[in-house]
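*Asks:* any chance you can model this:
(one chain, ligands or ions: 1)
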Amino acid sequence: MSTTTPRPIAFFDMKAQQALIRAEIDAGIARILDHGRFIQGPEVDAIEARLAEFAGVGHAVGVSSGTDALQIALMAEGIGPGDAVFLPAFTYTATAEVPLVLGATPVFVDVDPATFNIDLEDLSRRVALVEREGRLRPRAVVGVDLYGQPANWPAIEGLCEKHGMFALDDAAQAFGGALHGRRLGAWAQATALSFYPTKTLGCYGDGGAILTDDAERAELYRSLRTHGEGKSRYEVLRTGMNGRLDSIQAAILLAKMPLLEGELAARRRAATWYEAALAGQVATPQVAPGAESAWGIYTILLRDAAQRARVQAAMQAAGVPSAVYYPRPLHHQPAYQAAHARGIEAGAPPLPVSEDLCARCLSLPMHPYLSEEDVARVARAVIAGL
Ligand SMILES: *Cc1c(COP(=O)(O)O)cnc(C)c1O
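*Replies:* Below you'll find the model as predicted:
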């Protein structure tokens, strides 16, 4: 037995990154303390310009979180009671929460067993079922780029166009991902980003943004994030919310932007090391043709729940962190069961892939500051548990 304790491996690593840019962060915060414009200060305008440029999209609107980005985007379409919003059953809860908060009905769609993203055949089947029942209007599809891998946006867009639906990209895990050489941001009519600290671009609190190529939508988002205000502050044009991004979070993001390109490359490199160390032993992530993952989360698939439990135990014994994203499909969550039953009342197809993935998926440490030796240690711990 070795007597030296190996370097701890972080699941996400915000400290290594902070050490590189601490001076810029301190200076950015100091500038805000001096100018005093804590809400919608010049840092917010600056980060919006940088985000739009990075994503190659016309407009970026900073908001208070990824969840609020989704909500504002759906509010702008007037989505509410009587509307069906289609979204994958295998995602984070926020994707389903937002339509419910607005009074709309989430319709859960199964995911593709290879990419874990929304399954187009199942999506079009469920849209047809909702149309046939005639109780709800199919209004929007929220596609999620799960773990950083872009969903099949050309196909989602095509289906949305055919049925007059709004296409919203939940890219909370995927900022920096690309499809056919073009970054996420303009593939859907609007793209929601989260800057939760552990995302590929994270601040030190809550934050988010909405990207769009549509100038009218961008203006609507700016109004909605500030209580529906008009040209002057005390003119209220519509029911909005308090959904603003604050200046200090924008300053953190500005300090991090110069690192992002290199960090995305480091994530790709770590994914390559995992692939080399684990291929043939467990099911490693499959990236769709033309897709470039942002590698927000690295997830393998075990044979069954029992094998996953053994691997988790072996990793814990080796001092290596792991996590399950997500242990329960959304249609099985107590909060969403009633909505699930309401979406398609008769003959709703089951969601077997989402249920299966929840039982077998396991996420491994993933961040830009993993060394090849760190990845080798994680892989050894995984293999020891098989
Ligand atoms: C993180 C996340 C969100 C929510 O983002 P917040 O900034 O935490 O509100 C929404 N959807 C997905 C898929 C996420 O991973």
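*Asks:* next up, the contacts around residue 335.
*Replies:* Counting by CB atoms under 8 Å, 6 or more residues apart in numbering, residue 335 touches residue 93. Every residue, glycine included, has its C-beta placed from N, CA and C.
*Asks:* now it: which helix or strand?
*Replies:* Of the helices and strands defined by DSSP states H and E, none includes residue 335.
*Asks:* next one: the one 4 residues further on
*Replies:* Counting by DSSP H and E, the element that carries residue 339 is helix 337-343.
*Asks:* who's in contact with the helix or strand that contains residue 23?
*Replies:* In this assignment (DSSP H and E), residue 23 forms part of helix 15-35. For helix 15-35, the surrounding residues in contact (CB under 8 Å, 6+ apart) are 10, 38, 41-43, 247-248, 251-252, 254-256, 259, 263, 367-369.
*Asks:* of those, grab the buried ones for ChimeraX.
*Replies:* Buried subset of the contacts of helix 15-35, written as a ChimeraX selection, criterion 16 or more other CB atoms under 10 Å:
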select :10,41,43,247,248,251,252,254,255,256,263,367,368,369
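*Asks:* now, which of the contacts of helix 15-35 lie within helices?
*Replies:* Cross-referencing those against helices under DSSP state H gives 42-43, 247-248, 251-252, 254-256, 259, 263.
*Asks:* residue 86 should be in a strand, yeah?
*Replies:* Yes. Assigned with DSSP: H, G, I helix; E, B strand; the rest coil, residue 86 falls within a strand.
*Asks:* what about it, neighbour count?
*Replies:* 29 (other CB atoms under 10 Å).
*Asks:* now, which of the ones in helices among the contacts of helix 15-35 sits nearest the ligand?
*Replies:* Nearest to the ligand, judged by CB to the nearest ligand atom, of these is residue 252 at 13.9 Å.
*Asks:* find the nearest non-adjacent residue to that closest one, please.
*Replies:* residue 203 (4.4 Å; CB to CB, 6 or more residues apart in numbering).
*Asks:* and for that neighbour, the neighbour number?
*Replies:* 24.
*Asks:* isn't it right next to residue 255, touching?
*Replies:* No. At 9.7 Å, residue 203 does not count as touching residue 255 under the criterion of CB atoms under 8 Å.
*Asks:* where do the contact lists of those two overlap?
*Replies:* Joint contacts of residue 203 and residue 255 (CB under 8 Å, 6+ apart) do not exist.
*Asks:* got the contact list for stretch 111-122?
*Replies:* 86-90, 109-110, 141, 143-147, 149-152, 155-156, 159, 286-288, 291, 299, 349, 353-354, 356-357, 361.
*Asks:* how about it and the ligand, touching?
*Replies:* No. Legend: contact between stretch 111-122 and the ligand by CB under 6 Å from any ligand atom is lacking; minimum distance shown is 11.0 Å.
*Asks:* what comes up buried for that stretch?
*Replies:* 111-112, 115-120, 122.
*Asks:* cool, stretch 168-183 as well?
*Replies:* Those would be 168-179, 182-183, for stretch 168-183 by 16+ other CB under 10 Å.
*Asks:* before we move on, what about stretch 343-359?
*Replies:* In stretch 343-359, counting by 16+ other CB under 10 Å, buried: 343-344, 348, 351, 353-359.
*Asks:* now do stretch 280-298
*Replies:* 282-285, 287-288, 291-298.
*Asks:* quick one: the residues you listed as JSON lines, columns for pLDDT too.
*Replies:* Shown next, in JSON lines, are the buried residues of stretch 280-298 (pLDDT from 0 to 100):
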{"residue": "282", "pLDDT": "97"}
{"residue": "283", "pLDDT": "98"}
{"residue": "284", "pLDDT": "98"}
{"residue": "285", "pLDDT": "98"}
{"residue": "287", "pLDDT": "96"}
{"residue": "288", "pLDDT": "96"}
{"residue": "291", "pLDDT": "98"}
{"residue": "292", "pLDDT": "98"}
{"residue": "293", "pLDDT": "98"}
{"residue": "294", "pLDDT": "98"}
{"residue": "295", "pLDDT": "98"}
{"residue": "296", "pLDDT": "98"}
{"residue": "297", "pLDDT": "98"}
{"residue": "298", "pLDDT": "98"}
